[in-house]
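Student: Pasting a predicted model and its sequence here:
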Amino acid sequence: GQSLEQPSEVTAVEGAIVQINCTYQTSGFYGLSWYQQHDGGAPTFLSYNALDGLEETGRFSSFLSRSDSYGYLLLQELQMKDSASYFCAVPNQAGTALIFGKGTTLSVSS
Amino acid sequence: DSGVTQTPKHLITATGQRVTLRCSPRSGDLSVYWYQQSLDQGLQFLIQYYNGEERAKGNILERFSAQQFPDLHSELNLSSLELGDSALYFCASSVGGSGDYEQYFGPGTRLTVT
């Protein structure tokens, strides 16, 4: 089956850079997604990596290494509004739904 | 605003009761997914519908059922409710039918079972 591991909590200060890691075990691999969820809010899509390497979208970047079954989300120039939970996700074995990690809570302080 | 709507926002009910949660996907999206989010279990996939047909099942209990109607809105029915069913229930939608990596989530329904 599918499983994902990510740290439960990360703390950082405004303006800093933080990296949230995700390792996965999956029978078939279609790609790694990242979602952001503010407290009490809906998850929102951030990025997707199907191939190895770094994808950059503004202050956020996502990296994938398929050989290591590993990816990370890199957040730069942190702002208070980045305080949220971040989830990595992979499609299930049949490729019909997303399986989410348990999420990493990022706390940004001033 | 993702374009996905869910009603109601909050629901408080007693054990043993039955409730229906409603979801309208984004315009043009054919797939609807239901997820349950609780503190100890994280975001759990329940079931997916694509263009009116059930496409995939996840960790959905037998007491729970869902359907997608011809206008593509979906309903999740939860019956014989237990305290442990208290959670946030999210609906998400996407264009395709193959577990699209980019899904759009509604604001959720917070269910409290007392």
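Tutor: All right, it came through fine.
Student: For residue B:43, give the beta-bridge partners.
Tutor: Taking DSSP bridges as the rule, residue B:43 bridges to residue B:37.
Student: what do you get for the one 5 residues further on?
Tutor: For residue B:48, the residues forming beta bridges with it (DSSP bridges) are residue B:33, residue B:56.
Student: is it true that it touches residue B:60?
Tutor: No - contact between residue B:48 and residue B:60 fails when scored by C-beta atoms under 8 Å: they sit 10.2 Å apart. Any C-beta I mention is one placed from the backbone N, CA and C, and that applies to glycine too.
Student: what about those two, which has more around it?
Tutor: residue B:48 (29 against 16; other C-beta atoms under 10 Å in any protein chain shown).
Student: picking up where we left off before, any common contacting residues for residue B:48 and residue B:60?
Tutor: Both residue B:48 and residue B:60 are contacted by residue B:34, under the criterion C-beta atoms under 8 Å, 6 or more residues apart in numbering or on different chains.
Student: Now the residue nearest to the spatial centre of chain B. Nearest residue, chain neighbours left out?
Tutor: Nearest to the mean C-alpha position of chain B, counting by C-alpha atoms, centre = their mean, stands residue B:34 at 3.1 Å. Counting by C-beta to C-beta, 6 or more residues apart in numbering or on different chains, residue B:34 lies nearest to residue B:46, which is 4.2 Å off, once chain neighbours are set aside.
Student: try residue B:52
Tutor: Nearest residue to residue B:52 in three dimensions, chain neighbours excluded: residue B:68, at 5.1 Å (C-beta to C-beta, 6+ apart).
Student: give the contact list for the one you found.
Tutor: B:32, B:49, B:50, B:51, B:52, B:53, B:74.
Student: what about 10 Å?
Tutor: Counting by C-beta atoms under 10 Å, 6 or more residues apart in numbering or on different chains, residue B:68 touches B:23, B:25, B:30-32, B:47-55, B:74-75.
Student: Over to residue A:4?
Tutor: Counted by C-beta under 10 Å, 6+ apart, residue A:4 has contacts A:22-26, A:32, A:69, A:71, A:87-90, A:99-103, B:42.
Student: Likewise for residue A:69?
Tutor: Neighbouring residues of residue A:69 by C-beta under 10 Å, 6+ apart: A:4, A:5, A:22, A:23, A:24, A:25, A:26, A:29, A:32, A:90.
Student: do that again at 6 Å, thanks
Tutor: Taking C-beta atoms under 6 Å, 6 or more residues apart in numbering or on different chains as the contact definition, residue A:69 lies against A:23, A:24.
Student: On the pLDDT front, check it for me.
Tutor: On the pLDDT scale, residue A:69 is placed at 93.
Student: I'd like the distance between it and chain B.
Tutor: Separation of residue A:69 from chain B (C-beta to the nearest C-beta, to the nearest Å): 17 Å.
Student: all strands of the chain, in order?
Tutor: Here I'm looking at chain A. For chain A, applying DSSP state E gives strands covering A:3-5, A:9-13, A:18-25, A:32-37, A:44-49, A:53-57, A:60-65, A:70-75, A:84-91, A:98-100, A:104-109.
Student: right idea, wrong chain: chain B
Tutor: Ranges of strands in chain B, per DSSP E, are B:5-7, B:10-13, B:19-24, B:31-38, B:42-50, B:53-57, B:64-68, B:74-78, B:87-94, B:104-105, B:109-113.
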